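1. would you be able to build a 3D model of this:
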Amino acid sequence: MPRVLSLFSLLLAAVAVSGCASTRPIVTSGDVTQAPDPFENVNRAALQVNMAVEKVVFRPVNTVYRTVLPVPVRTALWNAYANSRSPVIFVNDVLQGQPARAGRTLLRFIINSTVGVGGLLDVASANGIPRHSEDFGQTLGVWGVKNGPYLVLPILGPTTFRDGVGWAVDVVTDPLFWLFGGFDETTTEGWAYTGSAMVISYDRGRDDLEELERTSIDFYAALRSAYLQHRQSEVLNGATDPAALPDILDSLPPIE
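-> Numbers count the residues shown, from 1 in each chain. Sure thing, here's the model as predicted:
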């Protein structure tokens with residue numbers, strides 16, 4: 001708990017400093033839809049393993065999840081999970097020099113955690129404060145860091161070297177990581193949260209993944225292109241010139 005309080009104090013100080021910033025830092029990394037793929041053979045093998053696990057484990061579990069829980073309940077669980085990500089989003093809003101967005105993230109977290117019953121209800125969005133997503137991989141992109149090699153990680157799926165580093169930073173800057181034991185121990189609560197997050201996140205992306213797999217001649221290439229385009233849009237907060245992007249996956253969920 002002292003570590004969490006210290007982290008919170010640092011975040012408040014960072015917001016105060018970022019208040020001097022009025023514009024978003026300029027992305028200088030060029031076309032971030034590009035990433036070298038020197039490990040393609042290994043990546044393709046990893047994707048085959050991941051898809052096998054998806055079909056044997058994740059898809060059956062998700063089918064039960066969808067059968068047992070009606071849509072409103074699944075939506076509420078997604079809202080709660082998204083709300084739990086607010087501290088990480090807040091940190092990256094600050095690091096990107098976006099005090100207004102950081103303020104909205106903090107306000108959303110307070111409203112949804114209280115009036116929204118722990119985040120189960122997205123009261124903030126209903127009152128004109130929409131959710132947005134940020135992570136440290138996006139922050140590095142804003143700072144001008146290029147993707148680096150494209151990777152397919154076991155279970156975690158597609159990423160790049162930059163986004164992989166960003167994911168690790170997001171883990172250790174998440175207060176829940178420390179509340180659940182940090183590096184000292186793995187708690188039952190921590191495992192429960194991680195498992196629930198995987199189930200909820202997979203449920204949100206399952207339909208798009210299946211559609212992409214069904215319509216792709218080369219699923220690996222299509223997934224790689226879709227991932228890199230999606231990340232570019234996230235880095236630029238949806239401000240990308242559509243003409244700069246290759247045509248693929250119009251069905252990807254919009255970036256908030």
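
2. low-confidence ranges, this structure, go.
-> Scanning the chain for pLDDT under 70 picks out the ranges 1-33, 186, 238-256.

3. and the strands in it?
-> In the chain, the segments counted as strands under DSSP state E are 150-153, 157-160.

4. let me see the ranges of the helices in the protein.
-> Along the chain, counting by DSSP state H, helices occupy 2-18, 40-53, 59-68, 71-84, 86-95, 99-114, 123-126, 136-142, 161-172, 175-179, 188-215, 219-235.

5. ok, which of those helices comes nearest G148?
-> helix 161-172 (3.1 Å; C-beta to C-beta). No exception for glycine: its C-beta is placed from N, CA and C like everyone else's.

6. output the closest one as CSV, nothing but the C-alphas.
-> Once non-C-alpha atoms are left out, helix 161-172 reads as follows in CSV (Å, rounded to 0.1, in the frame of the first residue of the first chain):
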residue,chain,number,x,y,z
PHE,A,161,9.3,-4.7,-29.9
ARG,A,162,8.2,-1.2,-29.0
ASP,A,163,4.7,-2.3,-27.9
GLY,A,164,6.2,-5.3,-26.0
VAL,A,165,8.3,-3.0,-23.9
GLY,A,166,5.3,-0.7,-23.5
TRP,A,167,3.2,-3.6,-22.2
ALA,A,168,5.9,-4.4,-19.5
VAL,A,169,5.9,-0.8,-18.4
ASP,A,170,2.1,-0.7,-18.2
VAL,A,171,2.1,-3.8,-16.0
VAL,A,172,4.5,-2.3,-13.4
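
7. in terms of secondary structure, what does it contact?
-> If you count contacts as 3 or more C-beta pairs under 8 Å, 6 or more residues apart in numbering; DSSP states H and E, helix 161-172 packs onto helix 136-142, strand 150-153.

8. tell me which of those lies nearest to V56.
-> strand 150-153 (17.8 Å).

9. how far off centre is that closest one?
-> In this view, strand 150-153 has its centroid 16 Å away from the chain centroid, taken as C-alpha atoms, centre = their mean, to the nearest Å.

10. swap in stretch 103-121?
-> With C-alpha atoms, centre = their mean, you get 18 Å for stretch 103-121.

11. got it, and stretch 52-68?
-> The answer for stretch 52-68 is 21 Å, by C-alpha atoms, centre = their mean.

12. separation between the closest residue to Y227 other than its chain neighbours and Q98?
-> Leaving out its chain neighbours, the residue that sits closest to Y227 by C-beta to C-beta, 6 or more residues apart in numbering is P158, at 4.3 Å. For P158, the distance to Q98 equals 26 Å [C-beta to C-beta, to the nearest Å].

13. and for R224?
-> Separation of R224 from Q98 (C-beta to C-beta): 29 Å.

14. coming back round to it: between the strands of the chain, which one is closest to N92.
-> strand 157-160 (16.5 Å).

15. what about the residue lying closest to F219 once chain neighbours are set aside, how many residues close to it?
-> With sequence-adjacent residues excluded and distances taken as C-beta to C-beta, 6+ apart, F219 is closest to E213, at 5.3 Å. Applying other C-beta atoms under 10 Å, we find 13 residues neighbouring E213.

16. E213 reaches Y220, doesn't it?
-> No: using C-beta atoms under 8 Å as the test, E213 is too far from Y220 to be in contact (10.3 Å).

17. no further queries at this time; thank you.
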